[in-house]
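Q: Based on what follows, work out the 3D shape:
(one chain, ligands or ions: 1)
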Amino acid sequence: MPNPPDTPHTVLEMHQVETRFGSHVVHDGVELEVRRSEIFAVIGGSGSGKSTLLREMILLQIPNAGRIKVLGVDLAHITDDAALALRQRFGVLFQQGGLFGALTVLENIGLPLREHRHLSDPEVDALAAKKLAEVGLDAAVASQYPSELSGGMLKRAALARALVLEPELLFLDEPTAGLDPQSAAGIDALVLKLRQQSGLSIVMITHDLDLLWQVTDRVAVLADGKVQAIGSMEELSKMDNPAIQPFFDGPRARAAEVQATAQPKEPSSKPK
Ligand SMILES: Nc1ncnc2c1ncn2[C@@H]1O[C@H](COP(=O)(O)OP(=O)(O)OP(=O)(O)O)[C@@H](O)[C@H]1O
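A: Below you'll find the model as predicted:
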């Protein structure tokens with residue numbers, strides 16, 4: 001998809017990012033760039049610092065050193081007003097969903113609109129209902145409460161809320177964790193559809209090999225405090241690097257690779 005003339009090619013940059021907790025060095029010079037409209041993933045072993053990196057990208061944590069730019073905005077010394085404006089330009093799907101149990105699904109989805117846009121109640125409800133449909137949920141779900149939804153439906157509802165302000169960049173934290181294979185496959189298809197429809201840029205953390213093979217354009221492998229390699233899953237799978245090989249060894253990894261290479265990357269018409 002070509003870039004509009006006024007939109008920069010890079011939506012997120014991290015340069016020489018260092019993070020320490022006491023004497024524990026988690027990031028020791030992380031370098032990565034995410035391009036506009038790409039689906040980008042960060043993978044790494046447990047404790048390699050993926051969640052911390054995501055928290056730094058979404059302004060929840062400040063690194064000890066290095067430079068981070070999100071949508072062209074340098075996060076160093078960002079003012080509260082600039083941070084507020086920037087937060088409205090990206091959406092986040094947290095692992096637990098983060099929906100409020102006392103609100104209906106429609107009220108949850110409409111919440112960012114009530115906070116950040118001057119709209120009437122019917123306008124908020126109409127936009128929230130539109131997002132509900134976009135993520136593949138039935139209109140009847142609007143009046144339900146989060147406790148009444150399945151895991152896959154909860155993810156979709158949380159995704160609708162993350163998308164309701166029409167962000168340019170979407171962060172997904174383990175979007176398929178805890179889902180059955182069919183629901184997870186539905187999320188894979190939805191992620192591809194979102195990018196295809198709106199040219200959204202997507203950054204995710206995931207351990208899900210099917211998701212990695214099915215939807216990502218490029219993947220960064222985090223280990224020993226650094227990005228060890230960046231490339232497509234196919235490129236990474238061919239690299240002779242001990243930090244990368246564990247992600248491609250074993251029956252599950254091979255099954256995900258075989259399935260992905262047998263099918264072209266296209267969203268299915270009816271997500272589950
Ligand atoms: N607030 C904190 N205080 C102290 N140590 C922390 C803090 N947050 C993270 N850590 C440590 O930093 C390291 C990286 O944690 P992080 O959660 O970013 O890893 P991760 O790659 O996301 O792991 P996982 O895949 O298991 O979720 C871990 O050793 C963790 O214990």
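
Q: check which helix or strand covers the residue sitting nearest the centre point of the chain.
A: In the chain, the C-alpha nearest the mean C-alpha coordinate belongs to residue 172, at 2.3 Å (Cα atoms, centre = their mean). Residue 172 is part of strand 169-173 when elements are defined by DSSP states H and E.

Q: Over to residue 132?
A: Element membership for residue 132 (DSSP H and E) is helix 121-134.

Q: Quick check: mean pLDDT of that helix?
A: The predicted model gives helix 121-134 an average pLDDT of 95.

Q: next one: that helix to chain centre, how far?
A: From the chain centre to the centre of helix 121-134 is a distance of 22 Å (Cα atoms, centre = their mean, to the nearest Å).

Q: What is it packed up against?
A: Under the contact definition 3 or more Cβ pairs under 8 Å, 6 or more residues apart in numbering; DSSP states H and E, helix 121-134 sits against helix 105-116, helix 151-163. Every C-beta, even on glycine, is put in place using the N, C-alpha and C of the backbone.

Q: Quick check: residues of the chain near the ligand?
A: The chain comes close to the ligand at residues 21, 26, 44, 46, 47, 48, 49, 50, 51, 52, as judged by Cβ under 6 Å from any ligand atom.

Q: which one of those residues sits closest to residue 142?
A: If you rank the residues of the chain next to the ligand by distance to residue 142 using Cβ to Cβ, residue 51 comes first, at 31.6 Å.

Q: Surely that closest one is in contact with residue 205?
A: Yes. Contact criterion Cβ atoms under 8 Å: residue 51 and residue 205 qualify, at 6.7 Å.

Q: For these two, indicate the residue with more neighbours.
A: Using other Cβ atoms under 10 Å, the more surrounded residue of residue 51 and residue 205 is residue 205, with 21 against 17.

Q: what number of residues lie near residue 72?
A: Per other Cβ under 10 Å, the neighbour tally for residue 72 reads 13.

Q: Just want the phi and psi numbers for it.
A: phi 80, psi 0 (degrees, to the nearest 10).

Q: Let me know the distance separating it from residue 36.
A: Distance of residue 72 to residue 36, computed by Cβ to Cβ, to the nearest Å: 11 Å.

Q: which strand residues sit across from the nearest residue to the residue nearest to the centre of the chain once chain neighbours are set aside in the sheet?
A: Nearest residue to residue 172, sequence neighbours excluded (Cβ to Cβ, 6 or more residues apart in numbering): residue 204, at 3.9 Å. Beta-bridge pairing of residue 204 under DSSP bridges involves residue 41, residue 172.

Q: Relative to residue 34, how far out is residue 204?
A: Residue 204 is 11 Å from residue 34, by Cβ to Cβ.

Q: How many neighbouring residues does residue 183 have?
A: Neighbour number of residue 183 under other Cβ under 10 Å is 20.

Q: My guess is it contacts residue 154. True?
A: No. Using Cβ under 8 Å, residue 183 makes no contact with residue 154, being 9.8 Å away.

Q: with the residues of the chain next to the ligand in mind, which one is nearest to residue 234?
A: residue 44 (19.0 Å).
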